[in-house]
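> predicted model follows, preceded by the sequence.
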Amino acid sequence: MKTTLDLSDELLKRAKQHARKTGQPLRALVEEGLRLALKNQPRAAFRLRDCSVGDADAENPLEALSWQDLRAEIYGGR
């Protein structure tokens, strides 16, 4: 993909000199620099949205139910 970059004259001059000295095209030097910059970029940690309902400190009304009662509650008589 082609793109246009607006670089300072001094930075472009140094980049071209470095590319010539290392025997690589300027494009390869720019790509390498971008890869290095993006590789070291810390990724933001994923945070799951809190979808809790009710009071976290309240007693669980289902805790005292037996398995058969829980199943009846889940399926509602089906």
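Now that the structure is in, tell me what you want to look at.
> send me the lowest-mean-pLDDT helix or strand in the chain as PDB with only the CA atoms.
Lowest mean confidence among the helices and strands of the chain (mean pLDDT, DSSP states H and E): helix 67-75, at a mean of 90. The C-alpha coordinates for helix 67-75 follow below in PDB (Å, rounded to 0.1, in the frame of the first residue of the first chain):
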ATOM      1  CA  TRP A  67     -31.100 -29.700  43.100                       C
ATOM      2  CA  GLN A  68     -34.600 -30.800  42.300                       C
ATOM      3  CA  ASP A  69     -36.100 -27.500  43.500                       C
ATOM      4  CA  LEU A  70     -33.400 -25.500  41.500                       C
ATOM      5  CA  ARG A  71     -34.300 -27.500  38.300                       C
ATOM      6  CA  ALA A  72     -38.000 -26.800  38.900                       C
ATOM      7  CA  GLU A  73     -37.200 -23.100  39.300                       C
ATOM      8  CA  ILE A  74     -35.100 -23.100  36.100                       C
ATOM      9  CA  TYR A  75     -37.500 -24.900  33.900                       C
END
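> can you give me the buried ones in it?
Of the residues in helix 67-75, none count as buried by neighbour count, 16 or more other C-beta atoms under 10 Å. (Each C-beta comes from the backbone N, C-alpha and C, glycine too.)
> going forward, the N-terminal residue is numbered 59.
All right, first residue 59 from here; so that's helix 125-133.
> quick one: residues in contact with it.
Leu120, Leu123 (C-beta atoms under 8 Å, 6 or more residues apart in numbering).
> lovely, talk soon.
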